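Q: Got a sequence here, can you build the structure:
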Amino acid sequence: MSLFTDASRYIPGGVNSPVRAFRAVGGEPIFVERASGAYVFGDLCLGGIEALAVRDGRVTGHRSLGPVVPSLTSFGEDARGELYAMSLNGGLYRIAPAG
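A: I've put the predicted structure just below:
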């Protein structure tokens with residue numbers, strides 16, 4: 001059983017539910033069973049980009065990364081490990097470390 005299928009038994013199925021949202025587009029959200037480092041995510045409507053710090057499978061921090069990408073749709077990584085954010089309007093943005 002996938003993590004999404006298992007989690008669907010516990011996640012509410014209301015209007016703002018990730019279960020309902022992902023079923024509408026035929027996808028499955030990402031459920032992380034184990035992780036280390038940072039998990040970067042964003043919001044399509046607000047365009048904000050955030051990160052969760054994960055250590056030994058537990059969230060140890062959460063912060064906004066600052067940039068706002070209008071109509072944020074996806075993330076990608078190049079061969080050097082650079083992080084990019086994509087926009088529905090066709091924009092491609094490199095997310096650079098602060099400093």
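
Q: Residue ranges in the protein under the pLDDT threshold?
A: Applying pLDDT under 70 to the chain flags residues 1-37, 57, 98-99.

Q: ok, longest strand in it?
A: Longest strand of the chain, by residue count under DSSP state E: strand 58-68.

Q: Contacts made by the helix or strand following it with the rest, please.
A: The helix or strand immediately downstream of strand 58-68 is strand 72-77, counting by DSSP states H and E. Strand 72-77 is contacted from outside by 40, 42-44, 47-49, 83-88, using Cβ atoms under 8 Å, 6 or more residues apart in numbering. In this view, the C-beta of every residue, glycine as well, is placed from N, C-alpha and C.

Q: Show me which of those residues are buried.
A: When burial is judged by neighbour count using 16 or more other Cβ atoms under 10 Å, the buried members of those are 42, 49, 83, 85, 86, 87.

Q: which ones among those residues are found in helices?
A: With helices taken from DSSP state H, there is no overlap with these.

Q: if we can go back for a sec, report the buried residues of the longest strand of the chain.
A: So, applying 16+ other Cβ under 10 Å, buried residues of strand 58-68: residue 65.

Q: who does that strand pair up with?
A: Strand 58-68 has the following strand partners under DSSP bridges: strand 48-55 (antiparallel).

Q: For residue 46, give me the backbone phi and psi.
A: Torsion angles at residue 46 (phi, psi; degrees, to the nearest 10) stand at phi -90, psi -30.

Q: Check the buried ones among the contacts of strand 72-77 and tell me the two furthest apart.
A: Farthest pair in the buried ones among the contacts of strand 72-77 (Cβ to Cβ) is 83 and 87. Separation: 14.3 Å.

Q: contacting residues around residue 84?
A: Shown in contact with residue 84 (Cβ under 8 Å, 6+ apart): 75, 76, 77, 78, 92, 93, 94, 95.
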